[in-house]
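>>> Next input, structure requested:
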Amino acid sequence: MKKDIHPEYRNVLFHDISVDFKCITGSTIATKETIEHEGTTYPYVKIDISSASHPFYTGTQKILDTEGRVDKFKRRYARKG
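Numbering: from 1, shown residues only. Next comes the predicted model:
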């Protein structure tokens, strides 16, 4: 590999501040903040949403259908027989 063209790859602590979920993963993201977690100091990134708070992953996703489009679609393409 060529030298000095690749970003630094290291473990980074991502913190979902909405549900206080922390995840350590490898990343090249640049950050000036650091935090100590379980005796080790990591670069620190605050995020607003993660798999711990996203409605799709938590099972709280709702379909908002005010005009009956979903029911119309289901009736139109329902299998007959």
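>>> what ranges do the strands span in the protein?
10-16, 21-27, 34-37, 40-47 (DSSP state E).
>>> looking at the ones you listed, which is buried most?
strand 10-16 (a mean of 17; mean count of other CB atoms under 10 Å). All C-beta atoms are positioned from the backbone trio N, CA, C, and that covers glycine.
>>> per-residue confidence averaged over it?
When pLDDT is averaged over strand 10-16, the result is 93.
>>> wouldn't Glu8 be in contact with Ser27 here?
No: the pair Glu8 and Ser27 does not pass the contact test of CB atoms under 8 Å, sitting 9.7 Å apart.
>>> okay, the strands of the chain in TSV with distance to Glu67 next?
Listed next are the strands of the chain as TSV, based on distance: least, CB to CB, whole Å:
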stretch	distance to Glu67
strand 10-16	34
strand 21-27	36
strand 34-37	47
strand 40-47	34
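>>> so which of those comes closest to Gly68?
Among those, strand 10-16 comes nearest to Gly68, with 35.4 Å by CB to CB.
>>> Cool, thanks, talk later.
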